[in-house]
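Visitor: Please work out how this folds:
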Amino acid sequence: MDVFPAATTAAKFSNVAQYVFHTTSSPAYGMPAAASEDILCTFDTSQIISCWGGGEYVHGDASSTAGIANASGKLRVFAGVRDDPFFFNLDGFKATAAAVHNAAGSLTFDAAGCPALDATTSTALVTQLKSAPGGGPPSDHFRGLNTLAIVVQIDKSLVTKGGSTVGVWASTNK
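Guide: Numbers count the residues shown, from 1 in each chain. Predicted coordinates:
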């Protein structure tokens, strides 16, 4: 889970928020979830983390590269500043958005409200998204930016009670 985009090296996790990894498991993809398990993490003002999940618990300073693990080894956590992992070509996106905006008056739309584009126009827009304005390689808008990351490793037996297919989503709660 990444939070706090453009975090400085002095950034801290909130001591009043809960950081939650929600998991569901089912026998196969597309089937309703048969079981769920949440992994809940909190921080104190000293940035000491406490995480619970699947009947396991870990507590301590998780900022070292190895993170921390509980005695059974079934729950391991890292929490700290990391390079933002996402790539986004902001300049290419802006150029593509401008091209679409400029062509808006001549576009036709299907019943779902999607613009009808010919192959040439579609290819031109996709190419623009993959390059810098005017051509050349795209630039990563997030290069050099950090984020606060919480990385959880949990034994799969703790999150597969409903089957081997696992879905995961995260939330922050106050």
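Visitor: can you pull out the strands in the protein?
Guide: For the chain, the strands defined by DSSP state E occupy 2-3, 18-26, 35-43, 49-53, 56-60, 68-69, 75-83, 146-154, 165-173.
Visitor: Relative to residue 91, which of those strands is closest?
Guide: Proximity to residue 91 (CB to CB) singles out strand 75-83 among those, at 20.2 Å. C-beta coordinates here come from the backbone N, C-alpha and C atoms, glycine included.
Visitor: Okay, angle between the closest one and strand 146-154 too, please.
Guide: Here strand 75-83 points in a direction 160 degrees away from that of strand 146-154 (axes from the mean of the first three to the mean of the last three CA atoms, to 10 degrees).
Visitor: export strand 75-83 as CSV, just CAs?
Guide: Presented in CSV, the C-alpha positions along strand 75-83 are these (Å, rounded to 0.1, in the frame of the first residue of the first chain):
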residue,chain,number,x,y,z
LEU,A,75,3.5,-12.2,9.1
ARG,A,76,6.2,-9.9,7.9
VAL,A,77,5.9,-6.1,7.4
PHE,A,78,8.0,-3.3,6.0
ALA,A,79,7.0,0.4,6.4
GLY,A,80,8.9,3.4,5.2
VAL,A,81,9.8,5.8,2.4
ARG,A,82,10.3,4.3,-1.0
ASP,A,83,10.7,5.5,-4.6
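Visitor: what's that strand in contact with?
Guide: Residues outside strand 75-83 that contact it (CB atoms under 8 Å, 6 or more residues apart in numbering): 2, 7-9, 11, 13, 39, 41, 43, 47, 49, 51, 53-54, 56-58, 62-70, 145-155, 158.
Visitor: Ok, stretch 155-171 next?
Guide: The contact list for stretch 155-171 (CB under 8 Å, 6+ apart) reads 1, 19-29, 31, 33-37, 53-56, 73-75.
Visitor: if we go to 10 Å?
Guide: By CB atoms under 10 Å, 6 or more residues apart in numbering, the surrounding residues in contact with stretch 155-171 are 1-3, 17-39, 53-56, 72-76, 150, 152.
Visitor: which helix in the protein runs the most residues?
Guide: helix 90-103 (DSSP state H).
Visitor: and it, what does it pack onto?
Guide: Other elements packing on helix 90-103 under the criterion 3 or more CB pairs under 10 Å, 6 or more residues apart in numbering; DSSP states H and E are helix 119-129.
Visitor: as a whole number, average confidence for the helix it packs on?
Guide: Averaged across helix 119-129, the pLDDT comes to 84.
Visitor: Thanks a lot, see you next time.
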